[in-house]
Structure formats: C-alpha cells, structure tokens
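[1] Got a predicted structure here, sequence first:
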Amino acid sequence: MWVTMNKRYLCLILVVAAGVRVGLLVTAWGRPQALLKPDSAGYIRLSENLAQTGRFERAGRAEVFRTPGYPGFLLVGMGFGASWWRAAAVLQVGIDVLLVYLTSLLAWMLLGPRAGLWAGALQAICVVAVVSSLRILSDGLFALLVTLSVLLVVHHFKSGKWWSLVGSAAMLGAGCYVRPVGAVFAAVFVCVLLWRPKRFRRAGAFAGIVLGLLTPWVVRNAVRTGYLGFSSFAVESMYALSAPKTIAAAEDISESEARRRMRQAEADELVGRQFTVGGRIQYRKSEAMRIMIQHPGTFAAVHMRGTGAFFLPAATDVLEIASVTTGERGTLEVLQTDGVLAAARNYFGESALAAALAAPMVGILAVRYAGVVFCLIGRLRRRMSAASWLMLLMFVVAASAPGPANHPRFRAPVAPLVSVAAAAGWMGLAAALRQRRKKPVV
C-alpha cells in the first residue's frame, strides 16, 4: 500500500512525533500530578474498583455517568505499582504515534502519498494531540478508535467491501465505551451512509452493529440503576452547566444563585421519596428540558457561547505538564464571560516567559486552521464526496456538542481530520499558485 510513499520521510515523521511526546513526558516523569486533571480522579477510582472488585462502581453504586472503556484501559498499568501512571502514559504515547501513522494513511487514501506525508507531519506536532497522549484522560484512546472508524469507512466508500463497514461500526461502538459522545458520531456516520448507494442496507447494518454493541450496557444500567440509557453524561452536563447558566442569563441572577435554586428544588422534589439513580437522572433530564423549552433562545446562546473554547490552543496544557504554569484558574469561565484577551490575562498574568513559550504553539494551530480555511474555499460544495461530508460534519458535531463544557482537548478526536483537511488546503493553495505562475502573460 505504501509503495509510492517515501518511507524515509514517513519514518522521520514518526520519530519526530515520538520525540516530541517523550520529551514532554520526561519533564513530568517525577510529577504524576502534571498528567492529572480533575476528571482523572474519577477514571482512576473506577479503574481501582474494577481491579479490586471486578465491578464498575463508585462509592458502592453502579456508575452510569462514565463508561468502562478508559478505566479498563488503565488496568494495563496497575501491574507497575506506583509507576502505573508512567506505564499508562508510555502506552498512550505509543497509541498517539500510531495515530500519526493512521492520519498519514487516511490522507494517502483520500488525496495521495504527498498529502499523507503532510498530514502526518501536521499531526506529529499537533499540540492538542501531544497533550492528549500524556494526560490521564480518555481523549487519546478515543481519538485512535474514531480515526480507525473513519479510515475503515473511507475504505468502504472506495472499495464497497462489507468487512470495512463492519469494522468501522465495531471501532466506533468500542469508542462509545471510551467516550459516550461516540454515539453522536455514529449518528453522523449513519446520515452520511444514507446518501450512498444501497443506503438502507449499509446504514442499517452500521446502526445495527453499533446498537448491538451498546445494548448490553444499556441493559446493565436499567437493571442495576433503573436508568434506561447508555450514559448519563449528556443529561448531567445539561443540568449542571447549561441549565443554571440559562437561568442566570434569563433572570439576571448569578450562576451560584441559579444553582442554589436548582439544588433546593431537587431536594424538595426528592424529600420523603426513595429515588433510584435512574429516577434522579430522569428528574434532572426533565428539569433541564423544561428550562431549555422555557428559554430556548437563551439556552441556545449559552450553548453556542461555550463553543469558542473548542478552538483555543492547547498550549496552556503543555506549559502545565512542563511545570511552567499551573492550571485550574477559571480561565474558560473568564473566556465565556469576558472574551479572549481577558482570558489570556487571567492565565498568563505577568509571565512573559509563559506567553513567549505559548506563541509558537499558537502559530502551529494558526497554520492548521489556515489550511482548513483554504481547504473549505477550494472544496466546500454540495457535491463533495461522502468522506468529505463525513469529516466536516464530525468536526461540526465535535465543536458544538459539549456546549458550556467545551475544552480544547475535545478537539483531539477530530485532530487527525483537521490535519488531513489542512494538508489538502495547503497543497491546494500551492497548486493554485503554481498554476497561476504558469499562465502566459498577455
């Protein structure tokens, strides 16, 4: 398959990818806290409970917010004792170098060998991918499974082979157990397949495989907790973030006051009643939906305002891993309320060094985004290929789905797609400039 690819350049790209990631890991080798974020604690506790009891529980209750994919993955490192986090990080670095290779392969399949090298090079130095390969979070593993799914479905588009369609659905179904948002991506795949020949058979098969893989966990949740669903992440996010922000904006009160009112209303609703976990989730879902229906415009504005965080550089995460800065300063909250400049001042303060170190990483992101813009200018049209529509819609969904919970790391699953699009854009611009220079002067 790679007979027309320059293997020397490809190997160099993979070496650079490994070097960048290992180099940053070395800076944190003696500081496990550098690789941890608040969400890491939940994954770690669930993994420890799996190792000790074989049950996916937290505080004696069946877990329905998180799914077992990433906690199960962390079990690989448990045999290394106190160095389990190092083992997990090293394995994640290997996964991310493999992801660079898959990015090259995807671009090669879509655009040719030269594009494969350019996309791989862009992914090798993609800051959000580098960070995701080291943090004790699910983003890197999820990105691998999503990219494999895209790669296999592109192969199906080109060859019509059923095995690649089945493999794509299986990879995405497995990805849902790592990050439940994979179910939203699955809906995008099904929609794109419905625009292909033999649409109902292929879309139905894809949906059936994904649903078949998710059903056992839905049944487990229903039996253990009374909650009929795969994960409560969407409900909890709406209730904890979108709903209080909507109330605060609509009624001109503080978010803390809005949350206090919601907590009081929930306590009043549950007093004297034996609520199952499922019952509590159902209450929160109905409350979030009520608030959304009552203030649809405000809810939409609050949701879309959070999207801006998705596009930010992950440079601050690199600085935190390298112990140049510290996180958890409420910068994303400042971004949503006061804008980019205020957020930058909140984070960097008077540290000129941190800002200087972040500058080249911001430049790398600017190059990627510029390439995507050139790609859209040259290729965005109604008659785009199914693969192009799939990649575009996945990016839109990834950017818009999290709402106020958005974060640059949520870009990690679609970072390979951005690398492919950026490579296409820059190559298209170069071709256009060459063509313009060749035109005879009249």
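    Yep, that arrived.

[2] Give me the distance from stretch 33-42 to the chain's centre.
    Centre-to-centre, stretch 33-42 and its host chain are 17 Å apart (Cα atoms, centre = their mean, to the nearest Å).

[3] mind saving the C-alpha coords of that stretch as CSV?
    Extracted in CSV, the C-alpha atoms of stretch 33-42 (Å, rounded to 0.1, in the frame of the first residue of the first chain):
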residue,chain,number,x,y,z
GLN,A,33,0.1,15.5,39.2
ALA,A,34,1.4,17.1,36.0
LEU,A,35,-0.6,14.4,34.0
LEU,A,36,-3.7,14.6,36.1
LYS,A,37,-6.8,16.8,35.6
PRO,A,38,-9.9,16.9,37.8
ASP,A,39,-11.6,14.3,35.6
SER,A,40,-8.7,11.9,36.0
ALA,A,41,-9.6,11.1,39.6
GLY,A,42,-12.9,9.6,38.5
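
[4] For it, buried residues please.
    The neighbour-count check on stretch 33-42 (16 or more other Cβ atoms under 10 Å) flags A34, L35, L36, K37, D39, S40 as buried. For every residue, glycine as well, the C-beta is placed using N, CA and C.

[5] Mind listing residues that contact that stretch?
    Outside stretch 33-42, the residues within contact range by Cβ atoms under 8 Å, 6 or more residues apart in numbering are 27-28, 58, 66, 85, 89, 134-137, 320-323, 327-328.

[6] Now the buried members of these.
    Taking 16+ other Cβ under 10 Å as the criterion, what is buried in those is A28, R66, W85, A89, L134, R135, I136, L137, E320, I321, A322.

[7] ok so, going back, nearest to V128, out of the contacts of stretch 33-42: which one, please.
    Nearest to V128 among the contacts of stretch 33-42, counting by Cβ to Cβ, is R135 at 10.4 Å.

[8] Scan the helices and strands of the protein for the one with the lowest mean pLDDT.
    helix 331-338 (a mean of 63; mean pLDDT, DSSP states H and E).

[9] Make a markdown table from the buried residues of stretch 33-42 and add secondary structure and distance to A249 to it.
    Below are these laid out as a markdown table (DSSP: H, G, I helix; E, B strand; the rest coil; distance: Cβ to Cβ, whole Å):
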| residue | secondary structure | distance to A249 |
| --- | --- | --- |
| A34 | helix | 36 |
| L35 | helix | 36 |
| L36 | coil | 33 |
| K37 | coil | 27 |
| D39 | helix | 26 |
| S40 | helix | 31 |
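
[10] farthest pair in those residues?
    Pairwise distances across the buried residues of stretch 33-42 peak at 15.1 Å for A34 and D39 (criterion: Cβ to Cβ).

[11] just to revisit the earlier point, identify, from the contacts of stretch 33-42, the entry nearest to A356.
    A322 (13.4 Å).

[12] Look up phi and psi at that closest one.
    Recorded main-chain torsions at A322 are phi -80, psi 0, according to degrees, to the nearest 10.

[13] Leaving out the residues flanking it, which one is nearest to it?
    T27 (4.6 Å; Cβ to Cβ, 6 or more residues apart in numbering).

[14] Please apply the same query to R179.
    F142 (4.3 Å).

[15] Can you get me a residue count around the one you found?
    Neighbour count for F142, taken as other Cβ atoms under 10 Å: 26.

[16] host element of it?
    Using DSSP states H and E, F142 falls within helix 139-159.

[17] next structured bit after that helix?
    According to DSSP H and E, the helix or strand after helix 139-159 is helix 162-178.

[18] can you give me the mean pLDDT across that next one?
    In this model, helix 162-178 carries a mean pLDDT of 97.

[19] Quick one: work out the angle between it and helix 139-159.
    Orientation of helix 162-178 against helix 139-159 (axes from the mean of the first three to the mean of the last three Cα atoms, to 10 degrees) gives an angle of 160 degrees.

[20] Taking the buried ones among the contacts of stretch 33-42 together, which two end up most distant?
    R66 and A322 (28.3 Å).

[21] so of the contacts of stretch 33-42, which ones are in strands?
    Counting by DSSP state E, the contacts of stretch 33-42 place R58 in strands.

[22] Looking at the contacts of stretch 33-42, spot the one nearest L357.
    A322 (8.3 Å).

[23] Tell me if I'm right that that closest one and A28 touch.
    Yes. With contacts counted by Cβ atoms under 8 Å, A322 reaches A28, the gap being 7.3 Å.

[24] Name the nearest residue to R284, ignoring sequence neighbours.
    Y239 (4.1 Å).

[25] Can you give me the neighbour number for that neighbour?
    Other residues close to Y239 by other Cβ under 10 Å number 22.

[26] Now do it against S168, distance only.
    Distance of Y239 to S168, given as Cβ to Cβ, to the nearest Å: 33 Å.

[27] Which of the contacts of stretch 33-42 fall in helices?
    Among those, the members found in helices (DSSP state H) are T27, W85, A89, E320, I321.

[28] Check the residues you listed and tell me the two furthest apart.
    Within those, W85 and E320 form the most distant pair, 15.5 Å apart (Cβ to Cβ).

[29] Show the contacting residues for the closest residue to H295 other than its chain neighbours.
    The spatial neighbour of H295 that comes closest, neighbours along the chain excluded (Cβ to Cβ, 6+ apart), is A250 at 4.5 Å. With contact set as Cβ under 8 Å, 6+ apart, A250 has these partners: Q294, H295, T298.
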